[in-house]
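Asker: need coordinates for the below:
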Amino acid sequence: IELELSSLLTEREVIPAVLKKCAESLRDLEVWHKFSRNEKAMSCADAARKRTRLGHVGIPLWDELKTFLGEIEEADGKRQLFLAHCRGDRELDFEKLKAVLHARRLPERLNQPKASALIAQYGTINPFTTAGEEVTQIFDYELNRSLGVPGTVMTNAGDHSWAVEFDPGELVMK
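Answerer: Residues are numbered from 1 along each chain as shown. Down below sits the predicted model:
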């Protein structure tokens, strides 16, 4: 992991713990991936403009992965965390999420104190953020098919200036 990320570090920079966690999750899942750096990005649209892939800066918004960290109340009253993933140019359908998750009410965004406990803040949540936690992950069906070349998506790697590229269909199959 150190070798994979070290070429992207500036002098005297250390690998952030959250980035190591992301890299370890990808390694453990045996999912092909590629890390890169970009200017600080705070949203999917912002990130898509700043991602570097195939020698160019900027990717289509549909190639940026949008992830929503939420919480639902199940029928028995138990609270359950979930991550819902879709392409960056899509909107999540909370009625469908409610049905799929068998929730009493519409899903809610996880409040910041709870998200911070998971080392997650807006713009840094990804499918690997909560590795080791009991979190349900929901992937939009469109992530199982590629939309053009190269057929991958990009998202943050747990930090606003680090990115990771991967094949979402490969991840969904895990």
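
Asker: on the three-state scheme, the residue nearest to Ser6 when sequence neighbours are not counted is what?
Answerer: Excluding the flanking residues, the one nearest Ser6 by CB to CB, 6 or more residues apart in numbering is Ile15, at 7.5 Å. Placement of C-beta: from N, CA and C, glycine included. In three-state terms, and counting by DSSP: H, G, I helix; E, B strand; the rest coil, Ile15 is coil.

Asker: Ile15 reaches Glu4, doesn't it?
Answerer: No - using CB atoms under 8 Å, Ile15 is not in contact with Glu4, being 9.7 Å away.

Asker: between those two, which is the more surrounded one?
Answerer: Ile15 (17 against 14; other CB atoms under 10 Å).

Asker: distance of the more buried one relative to Asp167?
Answerer: Distance, Ile15 to Asp167, using CB to CB, to the nearest Å: 24 Å.

Asker: and the residue lying farthest from the centre of the chain, helix, strand or coil?
Answerer: Distance to the chain centre peaks in the chain at Asp76, reaching 28.8 Å (criterion: CA atoms, centre = their mean). Following three-state DSSP, the label given to Asp76 is coil.

Asker: that one and Arg104: what is the separation?
Answerer: According to CB to CB, Asp76 and Arg104 sit 9 Å apart.

Asker: spatially speaking, which residue is in the middle of the chain?
Answerer: Centroid check for the chain by CA atoms, centre = their mean gives Asn126 as the closest residue, at 1.9 Å.

Asker: neighbours of Pro60, just the number please.
Answerer: Neighbours around Pro60, by other CB under 10 Å: 13.

Asker: what segments of this protein are helices?
Answerer: 2-6, 17-29, 44-50, 94-100, 112-117, 168-172 (DSSP state H).

Asker: I'd like the ones you listed laid out as a markdown table, including mean pLDDT and distance to Ile72.
Answerer: What follows is these, written out as a markdown table (pLDDT from 0 to 100; distance: least, CB to CB, whole Å):
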| stretch | mean pLDDT | distance to Ile72 |
| --- | --- | --- |
| helix 2-6 | 69 | 34 |
| helix 17-29 | 89 | 23 |
| helix 44-50 | 97 | 23 |
| helix 94-100 | 94 | 7 |
| helix 112-117 | 70 | 13 |
| helix 168-172 | 86 | 21 |
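
Asker: out of those helices, which comes closest to Asp159?
Answerer: Closest of those to Asp159 is helix 17-29, at 5.8 Å (criterion: CB to CB).

Asker: got the CA positions of stretch 138-153 in CSV?
Answerer: Presented in CSV, the C-alpha positions along stretch 138-153 are these (Å, rounded to 0.1, in the frame of the first residue of the first chain):
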residue,chain,number,x,y,z
ILE,A,138,-27.0,0.0,-2.0
PHE,A,139,-25.7,0.4,-5.6
ASP,A,140,-27.9,1.9,-8.3
TYR,A,141,-28.4,-0.6,-11.2
GLU,A,142,-26.8,1.8,-13.6
LEU,A,143,-23.4,1.2,-11.9
ASN,A,144,-23.5,-2.4,-13.3
ARG,A,145,-23.0,-1.1,-16.9
SER,A,146,-20.3,1.1,-18.3
LEU,A,147,-21.1,4.4,-20.0
GLY,A,148,-18.4,4.7,-22.5
VAL,A,149,-14.6,4.4,-22.3
PRO,A,150,-12.9,3.6,-19.9
GLY,A,151,-16.0,2.1,-18.2
THR,A,152,-14.8,3.1,-14.7
VAL,A,153,-16.0,5.6,-12.1
